[in-house]
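> here is the input, now give the coordinates:
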Amino acid sequence: YNSIAHAVIPVMSQPEEINNDKVPVVVSVEDNEQMKNICHQALDILSSSKLYLRPDLTLAILAQEMQVSQRLLSRSINTIRKQNFFEFINELRIEEAKQKLMSLEKSGYNIDSIYTECGFRSRSTFFLVFKKVVGMTPAQWLKDWERRQVF
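Coordinates of the predicted model:
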């Protein structure tokens, strides 16, 4: 009697990706185009506002700025860019750091002084992410860049 009166309804793990027949839906061309547009919009907003330089930037903040759901934004970045949100943001931060590194002599900064301006909360995180994204430390990259400028 209990199992009939209080039947357990199975819950699928991805309810928004199912149709009425409870079969997962493959991402359509239209969905893929929408995700591409969302990624382009995110990149435009981040680039124009330099929002990625905020150390407290979260998926929620960017989604609110874009007026899209966090889930859709995250899914778009994961699907189109093959990155998670923080990898996406850190890549932008590292590009900013590279620009600052190229003008160290003019600006009076040193390598250790730019990480906070690029949105990183700690020196160690900056160096770790820089090496992961670029494949070398900031000092190695700068030395390599300066060597290439001579030629």
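> alpha carbons only for contacts and neighbour counts from here, please
Will do.
> dead centre of the protein: give me the residue that sits there.
F88 (2.3 Å; C-alpha atoms, centre = their mean).
> dump the residue contacts of that residue.
77, 81 (C-alpha atoms under 8 Å, 6 or more residues apart in numbering).
> quick check: phi and psi at it.
Here the main-chain torsion angles of F88 (degrees, to the nearest 10) amount to phi -60, psi -50.
> same question, L101
Torsion angles, degrees, to the nearest 10, at L101: phi -60, psi -40.
> count the neighbours of it for me.
20 (other C-alpha atoms under 10 Å).
> kindly report the same for T125.
12.
> next helix or strand past the one helix or strand it maps to?
Applying DSSP states H and E as the criterion places T125 in helix 123-134. Note on helix 123-134: by DSSP H and E, the next helix or strand toward the C-terminus is helix 138-150.
> do you have the strands of this protein handy? List them.
Assigned by DSSP state E, the chain shows no strands.
> so where's it shaky on pLDDT?
1-29, 105-107, 151 (pLDDT under 70).
> kindly list the longest helix within it.
helix 29-49 (DSSP state H).
> elements contacting that one?
Helix 29-49 sits against helix 59-66, helix 70-76, with contacts defined as 3 or more C-alpha pairs under 8 Å, 6 or more residues apart in numbering; DSSP states H and E.
> quick one: the residue lying closest to A60 once chain neighbours are set aside from K50, how far?
Leaving aside its chain neighbours, A60 sits nearest to Q70 (5.9 Å; criterion: C-alpha to C-alpha, 6 or more residues apart in numbering). Separation of Q70 from K50 (C-alpha to C-alpha, to the nearest Å): 19 Å.
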